[in-house]
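**Q** With the sequence up front, the predicted model follows.
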Amino acid sequence: MTTTTPTRPEAQGIDGPDRQDDASTRGAWLVVMNREIVVRALNKTFLVGLLVSVGIIAALAAFMAWQGSKTDSFTVAVPAGDTVAAASVTAADAVPEEQGGGAELTVLEVPDDAAARAALTDGEADAWLHPEADSADGWVLTGEANPDSTLTRLLTAGVAQQTLEANAEAAGTTTAELTAGSTLSTDRLDGDAVDSQTLFFASFALALLFFIGALGSGQMIAGSVVEEKQSRLVEIMATAVPLRHLLAGKVLGSSVVALAQNVVFAAVGLAALSFTPTASILPSLSTSLVWFVLFFAVGFLGLAALYAVAGALASRTEDLQHTTTPMTMAIMGVYFLTFSASGTFETVLSYVPVANVVSMPVRVLSGDAAWWEPIVSLLILAAFAVVALLVSERAYRGALLQTGGRIGWKRALGAAG
């Protein structure tokens with residue numbers, strides 16, 4: 001009885017990527033893609049990370065909702081029988097929320113100065129409003145330490161209103177007549193654009209979504225490739241599946257999972273924000289998120305292919321830190337640059353692959369981008385993805401079946417023929 005030792009595909013004269021795809025292998029990429037999705041979806045580390053991330057997003061939104069609904073309350077001590085002081089506190093309590101009010105102020109009448117100081121020391125009162133001792137023209141707000149800034153601002157408005165009413169009555173006129181024509185409203189040239197603080201938060205959130213999705217999924221692709229290569233499983237797969245199909249399946253499967261993960265994060269974030277004070281910007285933010293999903297879906301195809309090559313260039317898991325460094329640095333650069341960018345620099349970034357995955361949706365949210373700009377930027381990103389896929393396919397074919405140490409890009413591209 002004669003036995004034969006299996007040889008590698010290239011030793012058999014079978015070069016997976018170069019042979020013609022027949023009917024039996026034409027749909028192999030779909031099988032590989034389904035396998036990548038199932039394996040990733042059942043990965044405990046991935047599932048735990050997904051649940052933890054969703055929990056963090058929900059917790060942050062809950063904290064913001066709690067902060068937004070929380071009402072500050074203060075107790076203000078005033079001299080007993082001093083109607084002007086009591087009326088000033090009442091006026092401060094009535095300041096509308098849109099004018100910086102919204103706090104609850106309670107009057108605590110005290111018989112004398114000693115009782116007021118005792119109330120501050122014992123914590124019964126947060127501040128003590130009383131006339132200046134040397135003058136009848138002013139008031140003093142005393143606290144055990146510095147009075148709260150919000151309370152000071154509100155009482156300043158309340159005292160000013162009561163003083164104005166008293167002076168108007170003494171002059172034989174009314175407050176309305178004295179303040180006629182003094183109403184000040186605000187307007188903005190950019191219409192309903194999002195304010196700068198909310199825009200910064202949104203850009204940070206989008207940059208973080210890109211960072212988590214691209215880096216986490218990219219590292220998993222590279223790890224999966226090198227594990228199959230190190231175990232020599234890929235040599236068996238290459239006898240049945242053209243290597244370009246193997247790459248296509250891995251890239252598409254990982255892209256589907258990464259995109260689904262970001263869609264989940266975005267959906268949870270939008271649902272959570274609906275319970276916060278920023279709920280008014282949800283329509284604009286939703287449009288920006290749709291663009292982000294489109295840009296991420298296109299851009300990650302190129303990144304996923306590059307990460308797959310990084311895995312093929314390595315012969316051992318320990319080599320991944322070196323082969324994935326260029327992509328990791330690029331992703332970190334996008335993360336740090338995009339959420340802090342502004343002005344002309346942000347406009348430039350919105351056309352640079354893969355920084356435009358974050359920068360262009362941010363410009364859409366700010367109202368700074370014309371209707372055609374996201375389309376042009378997306379086409380540029382698609383061109384980058386196509387070039388990355390073509391170059392990566394060649395390098396992947398040249399490196400995947402080579403062992404014996406870390407492989408360089410030049411050697412991989414040359415080996416593909």
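**A** Perfect, I can see it now.

**Q** Secondary structure element for residue 394, which one?
**A** Take DSSP states H and E as the rule and residue 394 turns out to sit in helix 373-399.

**Q** Please tell me how far that helix is from the chain's geometric centre.
**A** 25 Å (CA atoms, centre = their mean, to the nearest Å).

**Q** Could you grab the helix/strand/coil label for residue 125?
**A** coil (DSSP: H, G, I helix; E, B strand; the rest coil).

**Q** ok, it to residue 36 distance?
**A** Distance, residue 125 to residue 36, by CB to CB, to the nearest Å: 66 Å. Every C-beta, even on glycine, is put in place using the N, C-alpha and C of the backbone.

**Q** between the two, which one's more packed in?
**A** residue 125 (26 against 22; other CB atoms under 10 Å).

**Q** Not counting sequence-adjacent ones, nearest residue to residue 79?
**A** Setting aside the residues directly before and after it, residue 79 is nearest to residue 130 in space (CB to CB, 6 or more residues apart in numbering), at 5.8 Å.

**Q** Pull the residues that contact the strand or helix carrying the one you found.
**A** Assigned by DSSP H and E, residue 130 belongs to strand 127-131. Applying CB atoms under 8 Å, 6 or more residues apart in numbering, the external contacts of strand 127-131 come out as 74, 76-79, 82, 85, 88-89, 110, 113, 116-117, 119-120, 138-143, 147-148, 151, 155, 159.

**Q** Show me how this protein divides into domains.
**A** The record assigns the chain these domain ranges, following automatic domain parsing: 72-167, 194-415.

**Q** ok so, going back, give me the average confidence score over the strand holding residue 130.
**A** The pLDDT scores in strand 127-131 average 88.

**Q** can you pull out the strands in the stretch 51-200 of the chain?
**A** In the stretch 51-200 of the chain, the strands defined using DSSP state E, counting those that start in this stretch lie at 73-79, 104-110, 127-131, 139-142.

**Q** What helices and strands are in contact with whichever helix or strand comes after the helix holding residue 394?
**A** Later in the chain than helix 373-399, the nearest helix or strand by DSSP H and E is helix 409-415. Judged by 3 or more CB pairs under 8 Å, 6 or more residues apart in numbering; DSSP states H and E, helix 409-415 is in contact with helix 282-313, helix 373-399.

**Q** from the chain's centre, how far out does helix 409-415 sit?
**A** Distance, centroid of helix 409-415 to centroid of chain: 38 Å (CA atoms, centre = their mean).

**Q** And for stretch 361-373?
**A** The gap between the average C-alpha position of stretch 361-373 and the chain average comes to 17 Å, counting by CA atoms, centre = their mean.

**Q** on that earlier part again, most tightly packed of the helices and strands packed on helix 409-415?
**A** Stretch with highest mean neighbour count among the helices and strands packed on helix 409-415: helix 282-313 (a mean of 23; mean count of other CB atoms under 10 Å).

**Q** which strands and helices sit next to that helix?
**A** The helices and strands touching helix 282-313, judged by 3+ CB pairs under 8 Å, 6+ apart, are helix 196-230, helix 243-273, helix 320-323, helix 325-338, helix 356-366, helix 373-399, helix 409-415.

**Q** would CSV of those helices with mean pLDDT be doable?
**A** As requested, these are exported to CSV (pLDDT from 0 to 100):
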stretch, mean pLDDT
helix 196-230, 86
helix 243-273, 87
helix 320-323, 90
helix 325-338, 91
helix 356-366, 92
helix 373-399, 94
helix 409-415, 85
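
**Q** just so I know, which of those helices lies nearest residue 104?
**A** For the helices and strands packed on helix 282-313, the distance to residue 104 is smallest for helix 196-230, at 25.3 Å, taking CB to CB.

**Q** Which positions in the following helix or strand past the closest one come out as buried?
**A** Following helix 196-230 in sequence order, the next helix or strand is helix 233-238 (DSSP H and E). Neighbour-count burial for helix 233-238 flags 234-235, 237-238 (criterion: 16 or more other CB atoms under 10 Å).

**Q** could I get those residues as a markdown table with pLDDT?
**A** Shown next, in a markdown table, are the buried residues of helix 233-238 (pLDDT from 0 to 100):
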| residue | pLDDT |
| --- | --- |
| 234 | 84 |
| 235 | 83 |
| 237 | 83 |
| 238 | 81 |
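
**Q** Would you mind giving those as JSON lines with distance to residue 296 added?
**A** Formatted as JSON lines, the buried residues of helix 233-238 follow (distance: CB to CB, whole Å):
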{"residue": "234", "distance to residue 296": "28"}
{"residue": "235", "distance to residue 296": "34"}
{"residue": "237", "distance to residue 296": "29"}
{"residue": "238", "distance to residue 296": "31"}
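
**Q** Report the two of those residues separated the most.
**A** 235 and 237 (7.4 Å).

**Q** rewinding a little: measure how far the strand holding residue 130 is from the centre of its chain, please.
**A** Strand 127-131 sits 45 Å away from the centroid of its parent chain (CA atoms, centre = their mean).

**Q** Flag every buried residue along it.
**A** Buried residues in strand 127-131, counting neighbours by 16+ other CB under 10 Å, are found at 127-130.

**Q** Could you dump the helices and strands packed on helix 409-415 into a markdown table with distance to residue 261 added?
**A** Listed next are these as a markdown table, based on distance: least, CB to CB, whole Å:
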| stretch | distance to residue 261 |
| --- | --- |
| helix 282-313 | 10 |
| helix 373-399 | 19 |
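
**Q** And the residue nearest the centre of the protein?
**A** Nearest residue to the geometric centre of the chain (CA atoms, centre = their mean): residue 205, 0.8 Å.

**Q** Tell me who's in contact with residue 363.
**A** Residue 363 touches 346-347, 350, 369, 373, counting by CB under 8 Å, 6+ apart.

**Q** Can you lay out those residues as a markdown table showing distance to residue 183 and secondary structure?
**A** As requested, the contacts of residue 363 are arranged in a markdown table below (distance: CB to CB, whole Å; DSSP: H, G, I helix; E, B strand; the rest coil):
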| residue | distance to residue 183 | secondary structure |
| --- | --- | --- |
| 346 | 36 | helix |
| 347 | 38 | helix |
| 350 | 40 | coil |
| 369 | 35 | coil |
| 373 | 39 | helix |
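
**Q** Looking at those residues, which one is closest to residue 415?
**A** Using CB to CB, these come closest to residue 415 at residue 350, 37.7 Å.
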